[in-house]
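# Build the 3D model from these lines:
(chains A, B and C)
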Amino acid sequence: MTKAKAGARVLYWFRTDLRITDSPALNAALAIDHTAAFYPVWCWDPNYVYGHRVGLNRWSFLLESMTDLSDQLTKLNKKQKLHVVRGAPEKVLPMMWNSWGITHIVWEKDSNAYAKIRDERIKALAKDTGVEVLEVHGRHLFDPTEVVKANHNKPTMTLHQWQSVTGKMGGVDQPQPTPISLPDPGDVKLSDELGEERHKYEGVDRNAHIRTGSDTCFDKLSGSKGDYAVPTIAEMGFGQPTTSIRGGTTAGHEKLSNFLSHPDDVATFSKPRTAPTSLEPSTTLLSPYIKFGCVGVREIWWGCKEAIKKWDGKGGQETKEPENMFGQLEFRDMYAAAEAAEPDFERIRGNSVCRYIDWGLQNQYDKDGQEILPRPRGGDEDEERLAAWREGRTGFPWIDACMRQLKNEGWIHHLARHSVACFITRGQCYISWERGMEVFDEWLIDWDPASNPGNWMWLSCSAFFSQYYRVYGLVSWPQKTDKSGALVRKYCPELKNFSDKYIYAPHLAPESVQKEAKCIIGKDYPFPILDEHAEKDRCIARLKNAFALGLHGDAPEVLDGTAPDLLRKKHEETGALDVKTAKEMKEEKAMKKREAAGDSTLDGYVKKAKR
DNA sequence: GACGAGTTGGCACG
DNA sequence: CGTGCCAACTCGTC
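Have a look, this model is predicted:
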């Protein structure tokens, strides 16, 4: 095929931006002069579909979002749609360039480590072919790579730091105008140069467990009907999703405008004061739409600003950063700018921002630094704890309800994420955040490669946060916002007959009460897998040692594999691994107190003098 | 070097 | 229901 002699032929590559609103990249593509053909394209990569363990709820949200986007494109031009080409981008993009005489390819910039490598490869291929690349930032409030540059090539590690760096970069841009028309696509036939080779994926099918039928999605580059239609979940051989969350830019904009139509809610939004126990989400639930780019961040930012301007001042005090809506978006940006500076952000080893802690079940590496896969089994106790956590059968109703909600809905409240993440890492189980992160990656619809590892490091006190002695109680924490245990009653129905007194700790109920509730602990619902308070104290003692050792993921001792032994020695010296029962510890504490009280003179005087 | 702040802790005490 | 302590982190500011 020959290239068009005159007129631009533009390929717009959708990836992180399933919308037509507030899109700097799409507008840049449409601003190219003398466009003779315009191709909106999605590359449906079998390597991704087979190689990444992703739950049904996220697959379905993505497909719905693609379908909705395609409809939006068709509304702008009846001849247009989202062209879903079934193949890896580095294979099918050059085919499109050649077959369709493409002169320009445009995409929204993605600063994620994996995406950066992929996009550099595409840029090199484009250069070889003579296709001009336009990479336009639009996914965040500020371009993370620019923030990193302005921060002396260092990751942003606190919100204040991010705020002070971006404070010198001008304000947040206004939302982009929505296009009112699209040029026609040209001929869409593809020369099938890849032949039979194109569908082969040599690795392991990581989604085999959710495949209920055969996968016909990749049989033809242009789909089964040859029309580049968005794949159906059945075509991928997958079953039906369980979530009630619907994908798409239309649904996302509905959520946003509903929220913005209550200016008092916008003005007084305070994340820490929203309830993780609420049956109906107590937050905006915009995150899945932000993740897939169904809604633009500038629309949210300026939408909130406008709403607050209209606010009559009633319904409470206006909240400030970081707990207000702007703070939430800023945190997302902070994580993105941290991730953009650290290629090993999703693991411990090599990760300069991540403190080294000798968690159980962390990634294992061979002498050459290659991750050993499949991962060797760890200690039976660790494996069993991880499995129980994942499957929502820890014997702690609050944790189990959250994990079951996560699997079922693909979403749990931010503070519920805190609670379950703290439990599996630094709170009680002392299991690597890498394992927890994987489960979130599989089940959360809104899983984001910067925010999620970032938050896992936060909660595990590996980075961003360090007050490891602040541990979420498994009973006391949910009781703060809901004494009645509504979420437990919904997701752990076997416990629903227990009174409020025992709903978060049914194992404390006398046998007669268990019988009356028709739920025997240890039979109908598991006995707790561990002693909450004893394990908490062991964790704190080990965290203390890890902090004293002061190693990070990029330390030589971590890279050469000697760090775990160094820490184990420290634990042995300090008795950090001793298992003490809660009863013993209570007695010990009481004794200390008696001693302190008996020591009548010095301490008392000092304390009084200080006051 | 001290001090206060940091998106969101638990617990005893009054 | 508010206050202060628990045992103590990092970071920026003074």
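
# strand partners of the strand of greatest length in chain A, parallel vs antiparallel please.
When chain A is parsed with DSSP state E, its longest strand is strand A:35-43. Strand pairing for strand A:35-43, using DSSP bridges, gives strand A:8-13 (parallel), strand A:83-85 (parallel).

# any residues touching the next helix or strand after it, and which ones?
Per DSSP states H and E, strand A:35-43 leads on to helix A:46-51 as the next helix or strand towards the C-terminus. By C-beta atoms under 8 Å, 6 or more residues apart in numbering, the surrounding residues in contact with helix A:46-51 are A:86-88, A:199, A:201, A:203-207, A:217-218, A:236. Using the backbone N, CA and C atoms, a C-beta is placed for each residue, glycine as well.

# Mind checking the pLDDT average for helix A:46-51?
In this model, helix A:46-51 has an average pLDDT of 92.

# Give the rounded mean pLDDT of the following helix or strand past that helix.
Note on helix A:46-51: by DSSP H and E, the next helix or strand toward the C-terminus is helix A:56-76. For helix A:56-76, mean pLDDT is 98.

# quick revisit: most neighbours, which of the contacts of helix A:46-51?
Counting neighbours by other C-beta atoms under 10 Å, A:Arg86 leads these with 24 neighbours.

# Which residues are in contact with it?
Applying C-beta under 8 Å, 6+ apart, the residues near A:Arg86 are A:Trp44, A:Pro46, A:Val92, A:Cys217, A:Phe218, A:Lys220, A:Leu221, A:Ser222, A:Gly223, A:Pro231.

# what about the last one, how many residues close to it?
Right, the one you point to is A:Pro231. 24.

# tell me the contacts of it?
Contact analysis of A:Pro231 by C-beta under 8 Å, 6+ apart lists A:Trp44, A:Leu63, A:Val84, A:Arg86, A:Cys217, A:Gly223.

# go with 7 Å
Residues in contact with A:Pro231 (C-beta atoms under 7 Å, 6 or more residues apart in numbering) are A:Trp44, A:Leu63, A:Val84, A:Cys217, A:Gly223.

# and it, what helix or strand is that in?
Per DSSP H and E: nothing holds A:Pro231, as it lies in no helix or strand.

# A:Pro376 versus that one, what's the distance?
From A:Pro231 over to A:Pro376 the distance is 36 Å, taken as C-beta to C-beta, to the nearest Å.

# For stretch A:304-320, output the C-alpha coordinates as CSV.
Taking Å, rounded to 0.1, in the frame of the first residue of the first chain, the C-alpha atoms of stretch A:304-320 are listed here in CSV:
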residue,chain,number,x,y,z
CYS,A,304,-15.9,20.8,42.2
LYS,A,305,-14.5,24.4,42.1
GLU,A,306,-17.7,25.6,40.3
ALA,A,307,-20.0,23.7,42.6
ILE,A,308,-18.3,25.2,45.7
LYS,A,309,-18.7,28.7,44.2
LYS,A,310,-22.4,28.0,43.9
TRP,A,311,-22.6,26.7,47.5
ASP,A,312,-24.8,28.6,49.9
GLY,A,313,-22.5,27.9,52.9
LYS,A,314,-25.1,25.7,54.6
GLY,A,315,-24.5,22.1,55.6
GLY,A,316,-21.2,22.4,57.4
GLN,A,317,-17.7,23.9,57.1
GLU,A,318,-15.8,23.9,53.9
THR,A,319,-13.1,21.2,54.0
LYS,A,320,-9.5,21.7,52.9
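
# Select from the contacts of helix A:46-51 every entry located in strands.
Among these, none falls in strands (DSSP E).

# quick check, nearest of these to A:Leu159?
Nearest to A:Leu159 among the contacts of helix A:46-51: A:Arg206, at 34.7 Å, using C-beta to C-beta.

# Could you list the low-confidence segments of chain A?
A:1-6, A:193-200, A:580-611 (pLDDT under 70).

# Report the contact partners of the residue of it found nearest DNA strand C.
When scored by C-beta to the nearest atom of the strand, chain A has A:Ser466 as its residue closest to DNA strand C, at 3.7 Å. Residues near A:Ser466 by C-beta under 7 Å, 6+ apart: none.

# One more: the one 5 residues further on?
For A:Val471, the set of contacting residues under the criterion of C-beta under 7 Å, 6+ apart consists of A:Cys422, A:Gly427, A:Lys536.

# go with 10 Å
A:Val471 makes contacts with A:422-423, A:426-428, A:477, A:532-533, A:535-537, A:539-540, A:543, as judged by C-beta atoms under 10 Å, 6 or more residues apart in numbering.

# could I get those as JSON lines with neighbour count?
As requested, the contacts of A:Val471 are exported to JSON lines (neighbours: other C-beta atoms under 10 Å):
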{"residue": "A:Cys422", "neighbour count": "26"}
{"residue": "A:Phe423", "neighbour count": "29"}
{"residue": "A:Arg426", "neighbour count": "27"}
{"residue": "A:Gly427", "neighbour count": "26"}
{"residue": "A:Gln428", "neighbour count": "28"}
{"residue": "A:Trp477", "neighbour count": "19"}
{"residue": "A:Glu532", "neighbour count": "19"}
{"residue": "A:His533", "neighbour count": "18"}
{"residue": "A:Glu535", "neighbour count": "21"}
{"residue": "A:Lys536", "neighbour count": "23"}
{"residue": "A:Asp537", "neighbour count": "19"}
{"residue": "A:Cys539", "neighbour count": "23"}
{"residue": "A:Ile540", "neighbour count": "16"}
{"residue": "A:Leu543", "neighbour count": "22"}
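
# Dump those residues into JSON lines; add distance to A:Asp565 and secondary structure as well.
Below are the contacts of A:Val471 laid out as JSON lines (distance: C-beta to C-beta, whole Å; DSSP: H, G, I helix; E, B strand; the rest coil):
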{"residue": "A:Cys422", "distance to A:Asp565": "27", "secondary structure": "helix"}
{"residue": "A:Phe423", "distance to A:Asp565": "27", "secondary structure": "helix"}
{"residue": "A:Arg426", "distance to A:Asp565": "21", "secondary structure": "helix"}
{"residue": "A:Gly427", "distance to A:Asp565": "25", "secondary structure": "helix"}
{"residue": "A:Gln428", "distance to A:Asp565": "24", "secondary structure": "coil"}
{"residue": "A:Trp477", "distance to A:Asp565": "35", "secondary structure": "helix"}
{"residue": "A:Glu532", "distance to A:Asp565": "29", "secondary structure": "helix"}
{"residue": "A:His533", "distance to A:Asp565": "29", "secondary structure": "helix"}
{"residue": "A:Glu535", "distance to A:Asp565": "23", "secondary structure": "helix"}
{"residue": "A:Lys536", "distance to A:Asp565": "25", "secondary structure": "helix"}
{"residue": "A:Asp537", "distance to A:Asp565": "23", "secondary structure": "helix"}
{"residue": "A:Cys539", "distance to A:Asp565": "20", "secondary structure": "helix"}
{"residue": "A:Ile540", "distance to A:Asp565": "21", "secondary structure": "helix"}
{"residue": "A:Leu543", "distance to A:Asp565": "18", "secondary structure": "helix"}
